[in-house]
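Peer 1: can't give you the sequence, but here's the structure:
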């Protein structure tokens, strides 16, 4: 039940270390999960701090950096996604991205 081959898998794209985003920009992250057991929840963390939970059926997660206290402007940031199945096996993935200041005042 708790062996690595049965741990849930998670993949995500759209955010990577080569992209830069404005702090007021809405950033979408496409999420794909698979597991031997049903997925129970997906938690997300920004720069190591717990930020919330995503429904396991959500396929695109959106966030706006200016609304997150732990985002570092002008530096590399990390979004970590942790997926749990219903027997509490977990898998995780980290994405790096850079946030630059807003070039406009509209959010």
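Peer 2: Right, received. Where do you want to start? Just so it is clear, the model here is predicted, and its values are computed rather than measured.
Peer 1: use CA for all of it now, contacts and neighbours both
Peer 2: Noted.
Peer 1: what's the weakest-modelled helix or strand in this structure?
Peer 2: Ranking every helix and strand in the chain by mean pLDDT, DSSP states H and E puts strand 20-22 at the bottom, with a mean of 89.
Peer 1: Mind giving me the packing neighbours of that strand?
Peer 2: strand 90-100 (3 or more C-alpha pairs under 8 Å, 6 or more residues apart in numbering; DSSP states H and E).
Peer 1: Return the set of buried residues in the strand it packs on.
Peer 2: By 16 or more other C-alpha atoms under 10 Å, the buried positions in strand 90-100 come out as 90, 91, 92, 94, 95, 96, 97, 98, 99, 100.
Peer 1: Equivalent analysis for stretch 41-50, please.
Peer 2: 41, 42, 43, 44, 45, 46, 47.
Peer 1: so the second one makes contact with residue 50?
Peer 2: Which is residue 42. No - contact criterion C-alpha atoms under 8 Å: residue 42 and residue 50 do not qualify, at 11.5 Å.
Peer 1: that older thread, among the buried residues of stretch 41-50, which one lies nearest to residue 21?
Peer 2: Lowest distance from residue 21 to the buried residues of stretch 41-50 (C-alpha to C-alpha) belongs to residue 46, with 15.0 Å.
Peer 1: just to revisit the earlier point, specify the next element, helix or strand, located C-terminal of the least confident helix or strand of the chain.
Peer 2: Note on strand 20-22: by DSSP states H and E, the next helix or strand toward the C-terminus is strand 27-34.
Peer 1: Just the residues contacting stretch 72-89, thanks.
Peer 2: 1-2, 6-10, 17, 23, 33, 35, 37-48, 71, 90-101 (C-alpha atoms under 8 Å, 6 or more residues apart in numbering).
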